[in-house]
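Trainee: Structure of the sequence below:
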Amino acid sequence: MKVDLHIHTIYSDGVFSPEKIVDTAIDAGLNAIAITDHDNVLAYPIAVDYAQKIAKEKGTPPLEILPGVEINTIYKDTEIHILGYFMNREDSDFQEMLKTQQKARIEQTEEIIHLLNKKEGIHITFDKLKSLVAPGGSIGRPHIAKAITMAGGTNSVMEAYSKYINDESDVYVQRKTVSPHEAIEIIYDAGGIPVFAHPFDVEDAENLIKEFMHYGLRGVEAYHRKHSPAMVEYYSTIAEKNGLIITGGSDFHAPNPNNGQIILGKNFIPDWIYDKLMQEKKQLDMAR
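Mentor: Numbering: from 1, shown residues only. Reported below is the predicted structural model:
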């Protein structure tokens, strides 16, 4: 069973459409994937419909696509991402959280655009930024950085990040997000499995994981392309010690620019990761 439980599309900061993700996953020999776009779930039904269409044409079982999301949160000036799996996408509190997150993204973007125009003479329109993401998708820092570069403000996206998209910049405005506690609680209450994403990026992750368990945290993403084998072991031990499941994925956004290879599904994830996730879902459903 080959799975990848962390994938992004053009509905957030990925470069592939949901359909392209399905094709790529099938070509990579994956059996199941989770699309985990930032702060929205718009790609999921598109991917499911397309996977079923392809399966019908080929006469093969469809690629399994798990409902997922990645919620960007900030806690004590630290950005913490919370993955969610299997939540009821129509749950009112869950939908309200997504609306809040989208509103915060738009407000942040408009403020940065204003400051770029005023302080740096870099003229970017909100409509131009919207064109860089699929309709209704999540505008984020990668799109702002790309727009700055396209407008001639920098020579590269990386330069845009280093000059403008960081807390030290005069034109950068931090997004007003929900807290990780809220995101975890809402995902859990919507029937989902909340997971601490790529803990390597967060200082004091171990203590935060313990704290978040009180709000419904049920897993830790130990397998990730940023995690060395030693880190995988470390975060797996933390999860097991606290009775949490272990998840993992490539956190795919785009083909690897260093070697031109697709890294979707390349991050080795043991078969039992999928089994434990499904088992956790059944146990939570029974408990509810």
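Trainee: got the CA positions of the host helix or strand of residue 105 in CSV?
Mentor: Applying DSSP states H and E as the criterion places residue 105 in helix 92-115. Taking Å, rounded to 0.1, in the frame of the first residue of the first chain, the C-alpha atoms of helix 92-115 are listed here in CSV:
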residue,chain,number,x,y,z
SER,A,92,-20.8,24.5,10.2
ASP,A,93,-18.0,25.3,12.6
PHE,A,94,-15.5,23.8,10.1
GLN,A,95,-16.9,25.9,7.3
GLU,A,96,-16.8,29.0,9.5
MET,A,97,-13.2,28.4,10.3
LEU,A,98,-12.3,28.2,6.6
LYS,A,99,-14.2,31.4,6.0
THR,A,100,-12.3,33.1,8.8
GLN,A,101,-9.0,31.9,7.4
GLN,A,102,-9.8,33.0,3.9
LYS,A,103,-10.9,36.5,5.2
ALA,A,104,-7.6,36.8,7.1
ARG,A,105,-5.6,35.8,4.0
ILE,A,106,-7.4,38.5,1.9
GLU,A,107,-6.9,41.2,4.5
GLN,A,108,-3.2,40.3,4.9
THR,A,109,-2.7,40.4,1.2
GLU,A,110,-4.4,43.7,0.7
GLU,A,111,-2.3,45.3,3.4
ILE,A,112,0.9,44.0,2.0
ILE,A,113,-0.1,45.2,-1.5
HIS,A,114,-0.8,48.6,-0.1
LEU,A,115,2.6,48.8,1.7
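Trainee: Let's test this: mean pLDDT of the helix or strand just after that helix, rounded?
Mentor: The helix or strand immediately downstream of helix 92-115 is helix 126-130, counting by DSSP H and E. The average pLDDT within helix 126-130 is 92.
Trainee: just the angle between the next helix-or-strand element following helix 126-130 and helix 92-115, please?
Mentor: Past helix 126-130, heading to the C-terminal end, the next element that is a helix or strand (DSSP H and E) is helix 141-150. The directions of helix 141-150 and helix 92-115 differ by 20 degrees, with axes from the mean of the first three to the mean of the last three C-alpha atoms, to 10 degrees as the criterion.
Trainee: Report the beta-bridge partners for residue 80.
Mentor: The residues paired with residue 80 through beta bridges, assigned by DSSP bridges, are residue 73.
Trainee: picking up where we left off before, helices or strands next to the helix holding residue 105 in the packing?
Mentor: Counting by 3 or more C-beta pairs under 8 Å, 6 or more residues apart in numbering; DSSP states H and E, the packing neighbours recorded for helix 92-115 are strand 64-75, helix 126-130, helix 141-150, helix 180-189. C-beta here means a position set from N, CA and C on the backbone, and glycine is covered the same way.
Trainee: Give me the contact list for the third one.
Mentor: The contact list for helix 141-150 (C-beta atoms under 8 Å, 6 or more residues apart in numbering) reads 13, 109, 112-113, 116, 122, 124, 128-129, 132-133, 154-157, 159-161, 164-165.
Trainee: What subset of those is buried?
Mentor: The neighbour count (16 or more other C-beta atoms under 10 Å) marks 13, 109, 112-113, 116, 122, 124, 129, 132-133, 154, 157, 160-161, 164-165 as buried among the contacts of helix 141-150.
Trainee: how far is stretch 185-201 from where the chain is centred?
Mentor: Mean-position distance between stretch 185-201 and its chain equals 11 Å (C-alpha atoms, centre = their mean, to the nearest Å).
Trainee: Please point out which parts of it sit buried.
Mentor: Within stretch 185-201, the residues that qualify as buried are 185-200, counting by 16+ other C-beta under 10 Å.
Trainee: Could you work out the end-to-end span of that stretch for me?
Mentor: End-to-end distance for stretch 185-201: 22 Å, by C-alpha to C-alpha, to the nearest Å.
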